[in-house]
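Q: sequence first, then the predicted structure:
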Number of protein chains: 2
Amino acid sequence: MARVTERVVVIGGDAAGMSAAATARRQAGDRLEIVVLERGPWTSYSACGIPYWLAGHVDGPEGLVARTPQEHRDNGIDVRTAAAATAIDVRARTVTVATEGSESLLPYDQLVLATGAQPVVPDVPGADAIGVHGVQTLDDGCRLLDTLGHLDESRPRRAVIVGAGYIGVEMAEACVVRGLETTLLDQADEPMGTIDDDLARMVRDAMQGMGIRTVMGTPVEAFETGADGRVTAVATPGRSYPADLVVLGIGVLPRSELARAAGLPLGCSGGIRTEPSMTVPGHPGVWAAGDCVESWDRVRRDFTHVPLGTHANKQGRVVGHNLSGGHLVFAGVLGTGITKVCDVEIGRTGLSHSMAESEGRDPVSATIETTTKAGYFPGAEPMTVRLTAEAGGLLLGGQIVGRAGSALRIDTVATALWAGMSVHDLVDLDLAYAPPFSSVWDPVQVAARSLLGRLR
Amino acid sequence: MARVTERVVVIGGDAAGMSAAATARRQAGDRLEIVVLERGPWTSYSACGIPYWLAGHVDGPEGLVARTPQEHRDNGIDVRTAAAATAIDVRARTVTVATEGSESLLPYDQLVLATGAQPVVPDVPGADAIGVHGVQTLDDGCRLLDTLGHLDESRPRRAVIVGAGYIGVEMAEACVVRGLETTLLDQADEPMGTIDDDLARMVRDAMQGMGIRTVMGTPVEAFETGADGRVTAVATPGRSYPADLVVLGIGVLPRSELARAAGLPLGCSGGIRTEPSMTVPGHPGVWAAGDCVESWDRVRRDFTHVPLGTHANKQGRVVGHNLSGGHLVFAGVLGTGITKVCDVEIGRTGLSHSMAESEGRDPVSATIETTTKAGYFPGAEPMTVRLTAEAGGLLLGGQIVGRAGSALRIDTVATALWAGMSVHDLVDLDLAYAPPFSSVWDPVQVAARSLLGRLR
């Protein structure tokens, strides 16, 4: 190459891509020319904030943007919005870039794939109807608000959410807060597939308590549409649920088609495979990060697709360091997650009991009911903690469901799990205690003691 | 001994003693006769709750009792209240027990010392005046309320708190909440000696904001008294502070005189020495637990006196298991602590920067300002996190000062510290993220990243 500086091309301008770009800029200074190609108009935004924007709790879409394209440009990053990468030639080291009305070849020295994920769309009739929305990008949020704007305020407005995972339950709450008649549909027996059914039942009860109709164990057969092509109902085997608006919360898949077409290796999950350094195996100078890759699960000891902003940011940071000469690794994930529905908080990490069973880990679990503060303290709220371990005592995971002040305690379990602690170790920990914050035995340790009793 | 069952005598009926007794009862069934000698009328109470009782936030004294003497008796533990152990003969294996008007010898097979701690009383004139109170037992709390009851409601009632540690700041808040003119005095430059001065300054500002006068860098020379023997003022080199009530919050010392007189080994702190099994070295069958012992500090790698209900409960549990044939160990402490003053929460673990400096650990620290939730989320409150590490990256400690929702995050740092993690490890952790709970980079990890930058 004739250029003195190397050119890094980053495909995707959200968490992973912009973290990589910004980190590389900081680490490498002017030694690197950094070009970011982003299909949409936004960079560095919080997709996780979209349900709260739609609920009216936070301002959007601008309020969810941590750093605009112009702010990144001011930091010396060549951000090109409305620029879609349509092909990669890994031998020639070029990316084909489509902008409005034209297509061009952009050569690179190093390439970062940060193409994100895309909502799963069920393979049933009407899935492409007007009014059926995924929630993945700020533009998705804008389109969803457009649909809401089209609805006649004078008659009941009905939302059906398909899929009761994190996005599904958060969107169901957003819809009911906006005054819509809201139905949450899922094939599974309970919402929140990453926690055990009996705990998920508590979440379902909370949703019903705030007026969300939950319809479980029910697959979608079709989206019915009117003459104008708009969705009118969601058809299931038993009956049809009228809908002016449908939100898809079935999950997301890695947006890895571009990588696959370029001959880059994908894993079983469909995510791009990476080394711990986040380089793509067999392709030095090609990196991938964020929702488009699969990550190492430290508990399951296998690769998995965990689309989450935290991992995207961490992986982007690793890429940014390494492509500018650093030697960081991404150390894997535990599957830690947290959310809140109405007045119920949910935190989880590692394996649930049922996940551990289906993995053949012969798990033992204990579940305790306690309070978020000393029992005698005003504002002490109920919380339930479940810990799961192998029969030998190695911690496998934890789940917390409770009122305000419960769920963040999952970080104690996540940190212990990360360190490979046993249930004995958990009991020994020197955790913080004062009556406004905890009982004298921390809730996590009460659960650990109970679990020890079952291990013996 | 002719008895079929062994007799265990426990001296002290609060957290450590009753945890030991109740655990032994559960583990050993009827094989052990368990006698608990308690000087006062209460068992198993939350001394940590006393400031909140005096503030009127919780009911006391009964409300702070987790289990009454009768409840313990119903569980098969022979609790004797108003029974003071006045001497131990470790050769003859007897305890001298003083009850009202009589003294007797009680033989034991195994002995548990759980005599607690006593407030430090400054060695100045008037320290024994009426109206000068320690806050260590429920009876102390009752006496303090008596003093308040004696005060004439029609004129200003003035409280002076001597010592600005945990108890001092909590009692200062309780007094100002009760409508007293409250002054907090300490020799040190800032309150909360276990956190660095600049962070403590934030706590001091919060106290001043709620109307507490803070007088730092000021020793007490005398407690002035009236003709009736009641305290009237606290004299310092510069001036005298009128006081109808004085609360001592200078700290506590192990109540180990009985053990010392019996020839049991004490450490430099004055606390009873113990093995990891909580047996007293050289005295098989003699155990000690709680505020009367010194504990192994895993970070300082030395013994230290950390009087805290969590350790007392854990050590009591270890004793109860081991005296009935178990093999547990008490794995040490980190110095984790938490409290709240007005609307400011304080959490800390391990070494502060200044503590690490005075230990010669050549520390590096980083301090960051962030928010308790995603910055764009309603109710996001400011919080400050400081992490301290050795130059090589080994984590030494953490401190958090902030608004509601800040301080419990110290448990993440405490768990990482317990596991011997480096600052790099902290950045890698898979912690919980959703906008209502956190920024996408957890506050602890933002601090860890900042600290990494300083280590390089």
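A: Yep, that arrived.
Q: how about residues contacting stretch A:206-221?
A: The contact list for stretch A:206-221, computed with Cβ atoms under 8 Å, 6 or more residues apart in numbering or on different chains, reads A:122, A:124, A:162, A:164, A:169, A:172-173, A:176, A:181-191, A:204, A:234-238, A:241, A:341-344. Quick note: C-beta positions are derived from backbone N, CA and C, even for glycine.
Q: in helices, which of those residues appear?
A: A:169, A:172-173, A:176, A:204 (DSSP state H).
Q: returning to that earlier point: which among the contacts of stretch A:206-221 end up buried?
A: Among the contacts of stretch A:206-221, the ones that count as buried by 16 or more other Cβ atoms under 10 Å in any protein chain shown are A:122, A:162, A:164, A:169, A:172-173, A:176, A:181-187, A:190-191, A:204, A:234-236, A:241, A:341-342, A:344.
Q: show me what the worst-scoring helix or strand of chain A on mean pLDDT packs onto, helices and strands only.
A: In chain A, no helix or strand scores lower on mean pLDDT, DSSP states H and E than helix A:138-150, which sits at a mean of 89. Applying 3 or more Cβ pairs under 8 Å, 6 or more residues apart in numbering or on different chains; DSSP states H and E, one finds that helix A:138-150 makes contact with helix A:50-54, strand A:132-134, strand A:245-248.
Q: got the contact list for that helix?
A: Contacts for helix A:138-150 (Cβ under 8 Å, 6+ apart): A:40-42, A:45, A:47, A:50, A:53-54, A:60-61, A:64-65, A:119, A:130-131, A:133-135, A:157, A:178, A:244-245, A:247.
Q: can you pull the contacts of the residue most central in space within chain A?
A: Geometric centre of chain A, nearest residue: residue A:308, 3.3 Å, by Cα atoms, centre = their mean. For residue A:308, the contacting residues are A:291, A:333, A:337, B:433, by Cβ under 8 Å, 6+ apart.
Q: so the last one, which state does it fall into?
A: To tie it back to what came earlier, the one meant is residue B:433. Here residue B:433 is recorded as coil under DSSP: H, G, I helix; E, B strand; the rest coil.
Q: one step back: so how far is the least confident helix or strand of chain A off the chain centroid?
A: 20 Å (Cα atoms, centre = their mean, to the nearest Å).
Q: for residue A:154, give me the pLDDT.
A: Here the pLDDT value assigned to residue A:154 is 64.
Q: can you check residue A:101 too?
A: For residue A:101, the model assigns a pLDDT of 87.
Q: let me know how buried it is, in neighbour terms.
A: Other residues near residue A:101 come to 5 when the count uses other Cβ atoms under 10 Å in any protein chain shown.
Q: ok, now how distant is it from residue A:82?
A: 11 Å (Cβ to Cβ, to the nearest Å).
Q: cool, residue A:234 as well?
A: From residue A:234 across to residue A:82, the span is 33 Å (Cβ to Cβ).
Q: now residue A:129
A: 26 Å.
Q: same deal with residue A:258?
A: For residue A:258, the distance to residue A:82 - Cβ to Cβ - is 17 Å.
Q: check residue A:136 too.
A: Taking Cβ to Cβ, one finds residue A:136 at 18 Å from residue A:82.
Q: just grab the bridge partners of residue A:337 for me.
A: Assessed by DSSP bridges, residue A:337 has beta-bridge partners residue A:348.
Q: I'd say it and residue A:349 touch.
A: Yes. Between residue A:337 and residue A:349 there is a contact under Cβ atoms under 8 Å: 7.5 Å.
Q: overlap in contacts of these two?
A: residue B:432.
Q: tell me who's in contact with the nearest residue to residue A:12 once chain neighbours are set aside.
A: Counting by Cβ to Cβ, 6 or more residues apart in numbering or on different chains, residue A:114 is the residue found nearest to residue A:12 once chain neighbours are left out, at 3.5 Å. When the contact criterion is Cβ under 8 Å, 6+ apart, the partners of residue A:114 are A:10-17, A:20, A:288-290, A:292, A:312, A:316.
Q: and the furthest pair within those?
A: By the measure Cβ to Cβ, A:13 and A:288 form the most distant pair in those, at 15.0 Å.
Q: can you report phi and psi for the closest residue to residue A:431 other than its chain neighbours?
A: Leaving aside its sequence neighbours, residue A:431 sits nearest to residue A:442 (Cβ to Cβ, 6+ apart; 4.4 Å). The phi and psi values for residue A:442, taken as degrees, to the nearest 10, are phi -60, psi 140.
Q: and for residue A:315?
A: phi -70, psi -40.
Q: in contact with it, which residues?
A: A:16, A:19, A:278, A:289-290, A:293, A:295, A:330.
Q: same deal with residue A:12?
A: Taking Cβ under 8 Å, 6+ apart, one finds A:36-38, A:112-116, A:290, A:292 in contact with residue A:12.
Q: just checking, which of those residues belong to strands?
A: A:36-37, A:112-113 (DSSP state E).
Q: can you flag the buried ones in the contacts of residue A:114?
A: A:10-17, A:20, A:288-290, A:292, A:312, A:316.
Q: spell out which parts of the stretch 151-300 of chain A neighbour chain B.
A: A:166, A:298 (Cβ under 8 Å from any Cβ of the partner chain).
Q: which stretches of the stretch 151-300 of chain A form strands?
A: In the stretch 151-300 of chain A, the strands defined using DSSP state E, counting those that start in this stretch lie at A:158-162, A:181-185, A:213-215, A:222-225, A:231-235, A:240-242, A:245-248, A:252-254, A:279-280, A:283-288, A:295-297.
Q: go on, the stretch 1-150 of chain A?
A: Listed in chain order, the strands of the stretch 1-150 of chain A (DSSP E, counting those that start in this stretch) span A:6-11, A:32-37, A:78-80, A:84-89, A:94-99, A:102-107, A:110-113, A:117-119, A:132-134.
Q: now residue A:412: how far from residue B:54?
A: Residue A:412 is 31 Å from residue B:54, by Cβ to Cβ.
Q: comparing these two, which shows the higher neighbour count?
A: residue A:412 (26 against 23).
Q: quick check, that one in a helix?
A: Yes. Per three-state DSSP, residue A:412 lies within a helix segment.
Q: if we can go back for a sec, what angle sits between the least confident helix or strand of chain A and strand A:231-235?
A: 100 degrees (axes from the mean of the first three to the mean of the last three Cα atoms, to 10 degrees).
Q: buried residues of helix A:138-150, list them for me.
A: A:138, A:140-141, A:143-145, A:147-148.
Q: next: stretch A:103-110.
A: Those would be A:106, A:108-110, for stretch A:103-110 by 16+ other Cβ under 10 Å.
Q: repeat that for stretch A:62-79.
A: Buried, per 16+ other Cβ under 10 Å, within stretch A:62-79: A:64-69, A:72, A:77-79.
Q: ok, now which ones touch the closest residue to residue A:303 other than its chain neighbours?
A: Beyond its immediate neighbours in the sequence, the residue positioned closest to residue A:303 (Cβ to Cβ, 6+ apart) is residue A:294, lying 4.5 Å away. Contact analysis of residue A:294 by Cβ under 8 Å, 6+ apart lists A:254, A:267-274, A:303-305.
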